[in-house]
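Q: with the input below, show me the fold.
(one chain, ligands or ions: 1)
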Amino acid sequence: MVNRKISHRPTICYRPIQPSDLEVLERLHADIFPIRYEEEFFQNVVHARDIVSWAAVDRSRPNGHSDELIGFVTARIVLAKETEIGDLLIYDPLKPDQTLVYILTLGVVETYRNLGIARSLIRQVIKYASSIPTCHAVYLHVISYNIPAIHLYKKMSFKCIRRLQGFYLINDQHYDSFLFVYYVNGGCSPCSPLFHDALISSCHVDCLIFYLELLVAAVSYMTSSLKTVAARLRKNEEEICAGTSMPGG
Ligand SMILES: CC(C)(COP(=O)(O)OP(=O)(O)OC[C@H]1O[C@@H](n2cnc3c(N)ncnc32)[C@H](O)[C@@H]1OP(=O)(O)O)[C@@H](O)C(=O)NCCC(=O)NCCS
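A: Numbering: from 1, shown residues only. Below is the predicted model:
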């Protein structure tokens, strides 16, 4: 039986992906994912062109492999209004530069799995996204049958907000994907209680004045109705008194 675990005690460190990682990065993507990535994608990752990335390496790895990737995460900053989830965020038209961080790829070499490496890589992305004031969430797609990844995102408090039918096309077959989101910097979805709080606090002053005016009008209408009823009762009472005093006069 093949031993699928490392035999030494690892010392995991995290650093940005660099040009010297190109070959291993390509090999790992080919080994791990059912989708093929373009050469341009790898070039953009290693040269940090519009892509941020973190590598996990094992400093205790023997035979000169102590700086070789054993895990990676790649991500990109996108404008919220240009994404499919722009409508699921509180979108402020006065701030058109609101952004999101989209996780492109995440993977850990099989012998290093279940050591918390993916969790640490995602934490790096969340920390990075939180450091960008305009950024409101980290999001990603995951194929619907990827149970380890779905468990990982749920465990890290990502929210599954959509199921996209036939999102992936692999070997001529369509597969659904789940869309997971992790809100940062006060970002929230229209379904969350936070959204309603924000909605109330951002409600236009004119709107509040209108409701106050409506309330005042309702109160004055009720007051005048009560006065009319009271006047009628008083009149009835006087008539009754007048009526009863007449015969006995
Ligand atoms: C998904 C993947 C990145 C997880 O990497 P990892 O380093 O083993 O994950 P971690 O050790 O950080 O696990 C964190 C949590 O994920 C969940 N998890 C990870 N592997 C799991 C598995 N095989 N089954 C169930 N849950 C799993 C667990 O909840 C775990 O927390 P716990 O150990 O406290 O229970 C790894 O399995 C992988 O590279 N898979 C292939 C590529 C891939 O699917 N990438 C994601 C694409 S969206």
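Q: near the ligand, which residues of this protein?
A: Taking CB under 6 Å from any ligand atom, the part of the chain that reaches the ligand is made up of 32, 106-108, 113-119, 142, 146-149, 151-152, 155. Quick note: C-beta positions are derived from backbone N, CA and C, even for glycine.
Q: 5 Å instead?
A: Taking CB under 5 Å from any ligand atom as the contact definition, the chain meets the ligand at 32, 106-108, 113-114, 116-119, 142, 146, 148-149, 151-152, 155.
Q: how is the protein partitioned into domains?
A: Per automatic domain parsing, the structural domains of the chain span 12-189, 203-249.
Q: now do the helix or strand harbouring Val142, average pLDDT.
A: Per DSSP states H and E: Val142 is located in strand 135-143. For strand 135-143, the mean pLDDT works out to 96.
Q: buried sites along that strand?
A: Residues Cys135, His136, Ala137, Val138, Tyr139, Leu140, His141, Val142, Ile143 are the ones in strand 135-143 that count as buried (16 or more other CB atoms under 10 Å).
Q: now the residues you listed in a markdown table, with distance to Tyr128?
A: Output for the buried residues of strand 135-143, formatted as a markdown table (distance: CB to CB, whole Å):
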| residue | distance to Tyr128 |
| --- | --- |
| Cys135 | 9 |
| His136 | 14 |
| Ala137 | 13 |
| Val138 | 9 |
| Tyr139 | 14 |
| Leu140 | 14 |
| His141 | 19 |
| Val142 | 20 |
| Ile143 | 24 |
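Q: before we move on, the earlier item: of the residues of the chain next to the ligand, buried ones?
A: The buried subset of the residues of the chain next to the ligand (16+ other CB under 10 Å) comprises Leu106, Gly107, Val108, Arg113, Ile117, Ala118, Val142, Ala149, Leu152.
Q: report the beta-bridge partners for the residue positioned nearest the centre of the chain.
A: For the chain, Val181 is the residue whose C-alpha lies nearest the centre (CA atoms, centre = their mean; 3.1 Å). Taking DSSP bridges as the rule, Val181 bridges to Tyr139, Lys159.
Q: from Ser120, how far out is it?
A: Going from Val181 to Ser120 by CB to CB, to the nearest Å gives 20 Å.
Q: one more: Cys13?
A: Cys13 is 10 Å from Ser120, by CB to CB.
Q: could I get the contacting residues of Ile132?
A: Ile77, Thr99, Val101, Asn185 (CB atoms under 8 Å, 6 or more residues apart in numbering).
Q: top of the residues you listed by neighbour count?
A: Val101 (23 neighbours; other CB atoms under 10 Å).
Q: now it: which helix or strand?
A: For Val101, the enclosing helix or strand under DSSP H and E is strand 99-108.
Q: what strands flank that strand, and is each parallel or antiparallel?
A: Sheet pairing for strand 99-108, using DSSP bridges, gives strand 69-79 (antiparallel), strand 135-143 (parallel).
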